[in-house]
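Asks: Next one to model:
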Amino acid sequence: MKTTQTIFQDGDHKWVAIVRDPARPDYLVDTNGYLVTHGGQGMLVDPGGLEVFPAVFSAVATEFDPSAISSIFASHQDPDVISSLALWLEFNPQMRCHISWLWASFIPHFGGNASTFAVIPDEGMAISLGGLPLQAVPAHYLHSSGNFHLYDRAAKVLFSGDVGAALLPPEHNELFVKDFSAHIRHSEAFHRRWMGSNEAKRQWCERASQLDIDLLCPQHGAIYQGKDVQRFIDWFDGLHVGVLRA
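Replies: This next block holds a predicted model:
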């Protein structure tokens, strides 16, 4: 069962983490999704695969009226990110999906039509949610060739997709990183294998270091907060990626 936890709130401006599911089948990778709300509208961020749709829908409904969810932000094309799209569109055919232009003709294999997609150019773009400006931040080749993160300047939240992810053992179900040195051991092999470009990594680290971030929220594993955000960026900057082993 998925559960929710509010990680930021200022009035009706909220970030809600739709967190890991210890009861999921062990053949499925666990994921974090996020719900952003503002001005009576909601946006789902990497809502997940079709297998977890009932659990995600039920969890979201405890926090927010699902009929007021107007859009989806998909960091990239992977099935654990967006293969639930057809089911969300069955619930609300007017829902828009923000995705890299690179995947605009691939994602419709999961669902939707030409009017569903709001494509994001390579340089990124501003996305409005109920009047709140959100920024799609380029993260290409980390790991997908067309990849975006989502920055909320007002909340100081950066959704970082697979960057910052950790494949944690079952006994580590904490929402926030508690011990960076212990936690990062569960991230290293993932980042070496899944992040394909040292140059893209360096550019992302420079870009992220210029943002004011309180919470760095990956799609897998625990959330980095406070000083652990820059600690992670520095660690990632020094990691050699795109290799099977160190």
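
Asks: Give me the distance between residue 49 and residue 29.
Replies: As judged by CB to CB, to the nearest Å, residue 49 and residue 29 stand 9 Å apart. In short, each C-beta sits where N, CA and C put it, glycine included.

Asks: if I read this right, residue 139 contacts residue 150, doesn't it?
Replies: No. Assessed by CB atoms under 8 Å, residue 139 is found out of contact with residue 150, at 9.9 Å.

Asks: Of these two, which one has the most company?
Replies: Under the neighbour definition other CB atoms under 10 Å, residue 139 and residue 150 were set side by side, and residue 139 has more, 28 against 25.

Asks: can you map out the helices along this protein?
Replies: Along the chain, counting by DSSP state H, helices occupy 53-61, 79-82, 85-91, 180-184, 188-194, 198-209, 227-237.

Asks: hey, where'd the strands end up in this structure?
Replies: 3-10, 13-19, 33-38, 41-45, 69-73, 96-100, 117-120, 125-129, 132-138, 148-152, 157-161, 215-218, 224-225 (DSSP state E).

Asks: Angles on the backbone of residue 130, please.
Replies: phi 60, psi 30 (degrees, to the nearest 10).

Asks: What is the neighbour count of it?
Replies: Residue 130 has 16 nearby residues by other CB under 10 Å.

Asks: Please apply the same query to residue 78.
Replies: Count around residue 78 with other CB under 10 Å applied: 20.

Asks: what are the bridge partners for the most centrally placed residue in the chain, then?
Replies: Centroid-nearest residue in the chain, with CA atoms, centre = their mean: residue 161, separated by 3.9 Å. Assessed by DSSP bridges, residue 161 has beta-bridge partners residue 218.

Asks: who's in contact with it?
Replies: If a contact means CB atoms under 8 Å, 6 or more residues apart in numbering, then residue 161 has 46, 75-76, 81, 139, 142, 147-149, 218-219 as its contacts.

Asks: Kindly report the same for residue 12.
Replies: Applying CB under 8 Å, 6+ apart, we find residue 12 in contact with 37-40.

Asks: Out of these, the closest to residue 166 would be?
Replies: residue 37 (26.5 Å; CB to CB).

Asks: quick one: buried residues of stretch 206-221?
Replies: Judged by neighbour count (16 or more other CB atoms under 10 Å), stretch 206-221 contains these buried residues: 207-208, 211, 213, 215-221.

Asks: again, but for stretch 233-246
Replies: For stretch 233-246, by 16+ other CB under 10 Å, it's 233, 235-236, 239, 241-242.

Asks: Likewise for stretch 194-206?
Replies: 195-197, 200-201, 203-205.

Asks: Identify the residue spatially nearest to residue 28, adjacent ones excluded.
Replies: Nearest residue to residue 28 in three dimensions, chain neighbours excluded: residue 51, at 6.1 Å (CB to CB, 6 or more residues apart in numbering).

Asks: pLDDT value on that neighbour, please?
Replies: The model reports residue 51 with a pLDDT of 92.

Asks: That one and residue 4: what is the separation?
Replies: 19 Å.
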